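> Sequence first, then the predicted structure:
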Amino acid sequence: MPKTYRKWIFAKPMVDDRLGVEQFELQEHPIPALQEGQALVRVKLVNIHSATRSRMAGGMTKQGDTDRSNYACAEVLQSRDQAFKEGDVIACQAGWQDYQVIRSDDRSVGYGAASEAVRAVNGTNSQWTYVFRPAMVQMWPPEVLMDIFGTSGMTAYFGMRQCGPLRRTDAVAVAGATGSVGSIVAQLAKIAGCSVVGFGGGPDRCRWVMDSLGIDYCIDYRAMDFERQLKAAFPGGIDVFSDGIGGSLTATVAGLMNQDSRLFAYGGAGAFYADRLDAPPQQRPSLRRAFGISEEIEEILKQRNIKSEAWIVHDFYHERLKAEDDLSRLLQSGALKPINNVVDGFDNLPNAVVGLYQAARSGKLQVRFSPY
């Protein structure tokens, strides 16, 4: 058993919102003796969220501390917690560290309490902490468990279900088609037989979408004639719009949505990649505003009777097991492809986080701490 664990901390404040490796510092600490109700896990892989830099700049990740809200895949090494046994492979929240002590009684970091139904399924007090079923662990590696069967795949699955039923006649627009959620949404819509057009940032990204996801078309949202291309791609208007970007793109696309169409908003990632981050608001905005549904868009939704969805995926985690089964069947059949961007090595975490904001990538960025 290890005696110590390594942890990256947020060591120095950013200047002009520029994130570099100098913001990170490596520390080593002794692993504490387990108390009753605790378990020691070895972190195998962490997902890097697009909001990581924003959390650092806004004080959610405090200077001198690690980011404790990462979604991670881990293996239980020792347990004095009845919810976990040695050898379990679990999903949990973890810091930028290779070992961690967890408790099934702990609530999630950065979110409200899990619902009673979610607690019953997970066997823990956190919507993000649960033991993967052994069959799932045998079939899929950690990068797939934490992508297709993590928050990205679940957001795409429940988002398309709530916007459904998807019909073969539906014209579907997917913002952020190169991203972790958008790349899965695009595939699920195509599996349903829809006409699917994605948006990507630049010609190379659009070519990747066309070559990798098998959808009908992709438009460069940075193009000077984006609105002309958008109208040409949707001559009959848009029936379903999946949007994790927000901002001006949302307003432009919403203007082309049909009567009785559907909008699925799940994030505002566009703001996370800006050169300068917005100052934290005086009052926390509603989820709809945070996800880019402005008053202008609300008026369009009302006038055209557009059904709109804006939520965080754990609202549906009481149905997690069925979603895992459905997505697993699509993976096994080859209809759905996982899109992963894995960086190997705990030591490479700072470079991976910094690189998220410097270079184009596709799918979920993940850092694999240890071999399987």
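Happy to help now that I have it.
> I figured A223 hits Q229, correct?
Yes: using CB atoms under 8 Å, A223 is in contact with Q229, at 6.4 Å. C-betas here are computed from N, CA, C, even on glycine.
> If you count surrounding residues, which of these two has more?
Under the neighbour definition other CB atoms under 10 Å, A223 and Q229 were set side by side, and Q229 has more, 17 against 14.
> show me what contacts that one?
I219, D220, A223 (CB atoms under 8 Å, 6 or more residues apart in numbering).
> what is the second one paired to in the beta sheet?
Looking back up the chat, that one is D220. Note on D220: beta-bridge partners by DSSP bridges are G200.
> can you offset everything so residue one is 27?
All set: I'll call the first residue 27, so the last point we hit is now D246.
> so it touches P229, yeah?
Yes: with contact defined as CB under 8 Å, D246 counts as touching P229 (5.9 Å).
> Which one's more surrounded, these two?
More crowded of D246 and P229, by other CB under 10 Å: D246, with 18 against 12.
> and I323, that one's in a strand?
No: read with DSSP: H, G, I helix; E, B strand; the rest coil, I323 is helix and lies in no strand.
> What separation is there between it and S396?
44 Å (CB to CB, to the nearest Å).
> Comparing these two, which shows the higher neighbour count?
I323 (23 against 15).
> May I have the residues that are in contact with the residue lying closest to that one once chain neighbours are set aside?
Among residues not flanking I323 along the chain, A280 sits closest, at 4.9 Å (CB to CB, 6 or more residues apart in numbering). Each residue near A280 by CB under 8 Å, 6+ apart is listed here: F267, L289, I323, I326, L327.
> Let me have those in TSV, extended by pLDDT and secondary structure.
Listed next are the contacts of A280 as TSV, based on pLDDT from 0 to 100; DSSP: H, G, I helix; E, B strand; the rest coil:
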residue	pLDDT	secondary structure
F267	97	strand
L289	97	strand
I323	93	helix
I326	94	helix
L327	95	helix
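> Which member of the residues you listed is positioned nearest D196?
F267 (10.7 Å; CB to CB).
> What's opposite the closest one in the beta bridge?
What pairs with F267, by the bridge criterion (DSSP bridges), is A199, L289.
> ok, it to S130 distance?
39 Å.
> For the stretch 227-376 of the chain, which segments count as helices?
229-239, 252-259, 274-280, 295-298, 313-316, 321-329, 346-359, 375-382 (DSSP state H, counting those that start in this stretch).
> Dump the first one to PDB, restricted to CA.
To tie it back to what came earlier, the one meant is helix 229-239. Extracted C-alpha coordinates of helix 229-239, given in PDB (Å, rounded to 0.1, in the frame of the first residue of the first chain):
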ATOM      1  CA  PRO A 229     -12.500  23.900 -41.700                       C
ATOM      2  CA  ASP A 230     -10.200  21.200 -40.100                       C
ATOM      3  CA  ARG A 231     -12.700  20.700 -37.300                       C
ATOM      4  CA  CYS A 232     -15.600  20.400 -39.700                       C
ATOM      5  CA  ARG A 233     -13.700  17.800 -41.800                       C
ATOM      6  CA  TRP A 234     -13.100  15.800 -38.600                       C
ATOM      7  CA  VAL A 235     -16.900  15.900 -37.900                       C
ATOM      8  CA  MET A 236     -17.700  14.700 -41.300                       C
ATOM      9  CA  ASP A 237     -15.100  12.000 -41.400                       C
ATOM     10  CA  SER A 238     -15.600  10.700 -37.800                       C
ATOM     11  CA  LEU A 239     -19.200  11.100 -36.900                       C
END
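> From the contact counts, what lies against that helix?
helix 208-217, strand 221-226, strand 243-246 (3 or more CB pairs under 8 Å, 6 or more residues apart in numbering; DSSP states H and E).
> Let me see the domain layout of this structure.
Annotated domains of the chain cover 30-173+365-394, 179-339 [automatic domain parsing].
> okay if I get the ones you listed as a markdown table plus distance to D352?
Listed next are the domains of the chain as a markdown table, based on distance: least, CB to CB, whole Å:
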| stretch | distance to D352 |
| --- | --- |
| domain 30-173+365-394 | 13 |
| domain 179-339 | 7 |
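> residues contacting M162?
L171, F175, E350, S354.
> how far away is the last one from V144?
Going back to what we said before, that points to S354. 20 Å.
> Looking at the two, which has the bigger crowd around it?
Using other CB under 10 Å as the criterion, S354 and V144 rank with V144 on top: 22 against 18.
> Show me how far stretch 321-329 is from its chain's centre.
Stretch 321-329 sits 27 Å away from the centroid of its parent chain (CA atoms, centre = their mean, to the nearest Å).
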